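Asker: kindly generate the corresponding structure for this input.
(one chain, ligands or ions: 1)
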Amino acid sequence: MPPSAAGDQAAVRQMLREVLVGREDPDSFFAMCVSVLGHQETRSQFLAIIKPLSTANIRLHSVLSALYQQYFSKPEDDELELALALSLLEMKDNPMPTPNQSPLQPEVTDDPSSVLLSSKPKSQGKTCTQPQDVPCRGKSALPVQSSSKSKENLPETKTHKAMHVESADHQSLGTSQALRVPVSSASFSVPNATSKSDQTMQEGDVNPSEKPRRPKSRRQRRKAAAQQIVGLARSPSAPPPVLLWFRRDLRLCDNPALIRSLELGAPVIPVFIWCPEEEEGPGVTVAMGGACKYWLHQALSCFCASLEQIGSRLVFLKAGGEGNERRSSLHTLKTLAKETGAQTVLANALYEPWLKERDDVVLSALQKEGVDCEMFHSYCLRDPFSVSTEGVGLRGIGSVSHFMSCCRQNPGPAIGVPLDPPVSLPSPAFWPQGVAMDSIDLARMPRRKDGTIIDWAANIRKSWDFSEDGAHARLEAFLHDGVYRYEKESGRADAPNTSSLSPYLHFGQLSPRWLLWDAKGARCRPPKFQRKLAWRDLAYWQLTLFPDLPWESLRPPYKALRWSTNRSHLKAWQKGKTGYPLVDAAMRQLWLTGWMNNYMRHVVASFLIAYLHLPWQEGYRWFQDTLVDADVAIDAMMWQNGGMCGLDHWNFVMHPIDAAMTCDPYGSYVRKWCPELADLPDELIHKPWACPASMLRRAGVAFGQTYPERIVTDLEERRSKSLQDVALVRKQFQQYVDKRSGCDLVPLPKRLVSKTLGLSHRDGAVVTEGKEFLLPVITRMEFKHQLEDPDADAASNPYNAVLKGYVSRKRDETIAFLNERDFTASVMYEGAQRQERLERDRRRMEGLPPAPSPRGRARRTPTAKDKFSIVPGGAIASTN
Ligand SMILES: Cc1cc2nc3c(=O)[nH]c(=O)nc-3n(C[C@H](O)[C@H](O)[C@H](O)COP(=O)(O)OP(=O)(O)OC[C@H]3O[C@@H](n4cnc5c(N)ncnc54)[C@H](O)[C@@H]3O)c2cc1C
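Answerer: Reported below is the predicted structural model:
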């Protein structure tokens, strides 16, 4: 008998003694024999091993004999038998681990080809379906959770606690000798990846407090045996592990790199490397501000739990550092590959130019070392580096319509079907040693002098569920409710009419593809909402074209704009203390929850730029630091557009008071975030300075004490000044103004020029000047007009872009409401009626068809002179 076999026999006999004294049960003993001796040996030797019991303990002997008979009588579950046989064949070639190395390992099968379907997809309520006729990787023979549609009649269970072997894939069984028995790890406890002791836990470590439940039925016994065998299946001949490098793709659902790792049939080591220097890139990106870091911290901790549920864990590593000590992500990956023997690194691609550059370097350097590295596209719907303007040209670049035309004209690879989440992830024989998650210091809280912690994120914590499940729950809630109001009332700040999914999209806890599928599948197909995903892609495309987007104005003349340097104004804006309730409410919401809706972002951005004259970069940086969804590409694009120097000009400026008409008609938003104003009446809550002193007294409002004084009062003059400043720089830098159209000219990046040069020459869109290629871009009519009369005030400009509030579906309701309470409102109503009458008459006289009814339509004030924005007939403007 070879020595190892003798050792195994000894271990078995030792275990038999435990059974005899009642410390182990017969089921476990039998399972352990199958594990340690193997299938054939157990069949041939088990009866001999238990023979002494036939005299010493007849009852135990007969129980064990019965187990043996049951197990070896006839293959009731052929797939399981086959799986066991194959695994045992493989194990024969390899030395068996000793018992104390074995059965309670929280390990799962090495072989991803095994099929383990949970009875329910991971997160509740996913409405994404995989049509039968569409080839879907999620439906492959991988251990994935099936899409909810196919399982929708099954009972709801959030996790797959019970071991649940539903089928095995015969074809794939034939291709590999690896163990095919799928095992859920959930009946074992998987060590917590963040705890220090667990970091060093390796195969063979046993947590004595964690034991498999005692199997009851024969089928369960077999599964238990299989499960234990799985724990032993690590062998020197097992394939080298795969490093699955997680970045901003912290999800199990629709994760191409994750699914690819399963396809490789090797153990998977999920890794997260924190390297702040690489994240930040060149220039001032503030890519990871405080709120984002906090979100990341929480999201990582949720993701660890998700990985544990599928039998894996996340290894944290730190890169970066100073001087010679500095370690890049590449260096960290190389070291890890050496340590673990990994020959493959998989990740989902990122598109910030500096991160793409880093990834390209990682890819080629690893390949030189013989380590395969693959990156998968999933962060956007379109790979921004593949977007082409061919057939569309460059006119209108920067607008979402132009971008969508480009995508329609050059569709590229299909967006494809979302991938189901896996239910198990094969773990390696040895876990590399990482660092504790807390040591990467993402959720840093300052301390007061007395040593107590300033928990600035307490409200953020209360406001969000940071998990992938939280993302799906929010999506579902939105598609069931908010989406019905989204098309017309997404501007409302006082109601949750938008999805609030931005942070989940940013950190890849929800893939845009999943979101698109669900949105398309919703009963109310919301085109405006779907278009937002195109905006998101557009932002990434712009960032790849203009890597300086976060700090450098794209339109050259605007770099010379006179900006204010008033720090106290900036501080007041940041802290929500401007004295303008709508602006303050939004900035306080941002500070407390890390978020505000799109409309409010426009309001506060307009205020900073057009009324305070503070540079857009200040707004960008503050947003980057305080938004939980701070996204360099989107944030920079939006601030550039707001700062009048992006590829697209916003064709509106939000008025800090009148905008409330659309977004907070009853003042409830202001009441929530500025509670000191709560007792003011609806019609004056957005302009408390207009309240009579007695009203203020009754409401307990004292300017400078309970609520700040307005930091600026001359709104109209300030707006005019802003317009004049623009006219001035456009005059100074005439070479950047197209003489024919009056549009601003923007130097094109080389990549775009080289791709579209021929085409652009054909359609005459590109003007060449020196070596720069200048393209006329969308320019506000107001600016073009101002050039003719640079000193004119904003009010006299017929294209004055200041919005005095939109007419929303609530218009009539609001007017009726105000009418009851305020004389001004009735004047307003009469004004509106009069304008409507005049317009009707004009149209009749000119033989034009009647204007469409304003009811339910978003409309813009046609002239700046109108005090109120309810005059129908103006052009429709939209905040994208
Ligand atoms: C000055 C300014 C700065 C902004 N900074 C950011 C930012 O840092 N990060 C960010 O995600 N969004 C930013 N936005 C865009 C937009 O305001 C947010 O995406 C939106 O408010 C998020 O809320 P939501 O998920 O409910 O959006 P929804 O309206 O429900 O939209 C769904 C998703 O579409 C995407 N989206 C929506 N609007 C835009 C847009 N205009 N451009 C690109 N993508 C969009 C987002 O990913 C969003 O989650 C900014 C807007 C402005 C005006």
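
Asker: quickly list what Ile269 is bridged to.
Answerer: Under DSSP bridges, the beta-bridge partners of Ile269 are Leu243.

Asker: what about it, how many neighbours?
Answerer: The tally of other residues near Ile269 (other C-beta atoms under 10 Å) stands at 29. For glycine as for every other residue, the C-beta is placed from the backbone atoms N, C-alpha and C.

Asker: again with Ser796
Answerer: 12.

Asker: one more: Ser564?
Answerer: Counted with other C-beta under 10 Å, Ser564 comes out at 15.

Asker: contacting residues for the nearest residue to it once chain neighbours are set aside?
Answerer: Using C-beta to C-beta, 6 or more residues apart in numbering and skipping the chain neighbours, the partner closest in space to Ser564 is His613 (4.1 Å). By C-beta atoms under 8 Å, 6 or more residues apart in numbering, His613 lies in contact with Arg562, Trp563, Ser564, Arg718, Lys721, Ser722, Asp725.

Asker: burial check on Ala792, number of neighbours?
Answerer: Neighbour tally, Ala792, other C-beta under 10 Å: 15.

Asker: look at it and tell me its secondary structure.
Answerer: coil (DSSP: H, G, I helix; E, B strand; the rest coil).

Asker: also Arg698?
Answerer: helix.

Asker: that one against Cys691, yeah?
Answerer: No. Look at Arg698 against Cys691 with C-beta atoms under 8 Å: they stay out of range, at 9.4 Å.

Asker: who has more neighbours, the two?
Answerer: Cys691 (19 against 12).

Asker: separation between that one and the ligand?
Answerer: 30 Å (C-beta to the nearest ligand atom, to the nearest Å).

Asker: ok, now Ala586?
Answerer: Per C-beta to the nearest ligand atom, Ala586 is found 11 Å from the ligand.

Asker: repeat for Asp679
Answerer: Separation of Asp679 from the ligand (C-beta to the nearest ligand atom) stands at 30 Å.

Asker: leaving aside the residues next to it on the chain, what's closest to Ala522?
Answerer: Leu479 (4.4 Å).

Asker: need the contact list for the spatially most central residue of the chain.
Answerer: In the chain, the centroid-proximal residue (C-alpha atoms, centre = their mean) is Leu505; its distance is 2.3 Å. Leu505 is in contact with Pro512, Leu515, Arg536, Asp629, counting by C-beta under 8 Å, 6+ apart.

Asker: top of the contacts of His613 by neighbour count?
Answerer: Of the contacts of His613, with other C-beta under 10 Å as the count, Ser722 tops at 21 neighbours.

Asker: how far does stretch 542-551 stretch from start to finish?
Answerer: Across stretch 542-551, the terminal residues are separated by 13 Å (C-alpha to C-alpha, to the nearest Å).

Asker: let me redo that: stretch 478-498
Answerer: End-to-end distance for stretch 478-498, by C-alpha to C-alpha: 7 Å.

Asker: and if you look at stretch 367-386?
Answerer: 23 Å.

Asker: what's the answer for stretch 414-429, then?
Answerer: Note: stretch 414-429 ends 38 Å apart using C-alpha to C-alpha.

Asker: cool, and stretch 394-403?
Answerer: Terminal-residue distance, stretch 394-403 (C-alpha to C-alpha): 10 Å.

Asker: quick one, domains of this protein?
Answerer: Residue ranges for the domains of the chain, per automatic domain parsing: 3-101, 137-224+232-389+415-440, 459-544, 556-715, 807-880.

Asker: now tabulate those in JSON lines and tack on mean pLDDT.
Answerer: Formatted as JSON lines, the domains of the chain follow (pLDDT from 0 to 100):
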{"stretch": "domain 3-101", "mean pLDDT": "67"}
{"stretch": "domain 137-224+232-389+415-440", "mean pLDDT": "74"}
{"stretch": "domain 459-544", "mean pLDDT": "94"}
{"stretch": "domain 556-715", "mean pLDDT": "97"}
{"stretch": "domain 807-880", "mean pLDDT": "55"}
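
Asker: in CSV: those domains, plus distance to Val737.
Answerer: Shown next, in CSV, are the domains of the chain (distance: least, C-beta to C-beta, whole Å):
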stretch, distance to Val737
domain 3-101, 73
domain 137-224+232-389+415-440, 23
domain 459-544, 22
domain 556-715, 8
domain 807-880, 24
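
Asker: quick one: closest of the ones you listed to Cys406.
Answerer: Closest to Cys406 of the domains of the chain is domain 137-224+232-389+415-440 (C-beta to C-beta; 5.3 Å).

Asker: so which elements touch the host helix or strand of Gly7?
Answerer: Using DSSP states H and E, Gly7 falls within helix 3-20. Contacts defined by 3 or more C-beta pairs under 8 Å, 6 or more residues apart in numbering; DSSP states H and E place helix 3-20 against helix 26-37, helix 39-50, helix 53-56.

Asker: which one of those helices lies closest to Phe272?
Answerer: helix 26-37 (33.4 Å).

Asker: and that closest one, how far out from the chain's middle?
Answerer: From the chain centre to the centre of helix 26-37 is a distance of 46 Å (C-alpha atoms, centre = their mean, to the nearest Å).

Asker: count of neighbours near His745?
Answerer: You called it His, but residue 745 is Leu. Counted with other C-beta under 10 Å, Leu745 comes out at 26.

Asker: give me the sheet partners of the helix or strand it falls within and which way each runs.
Answerer: According to DSSP H and E, Leu745 maps onto strand 745-747. Paired strands of strand 745-747, with direction, are strand 772-776 (antiparallel) (DSSP bridges).
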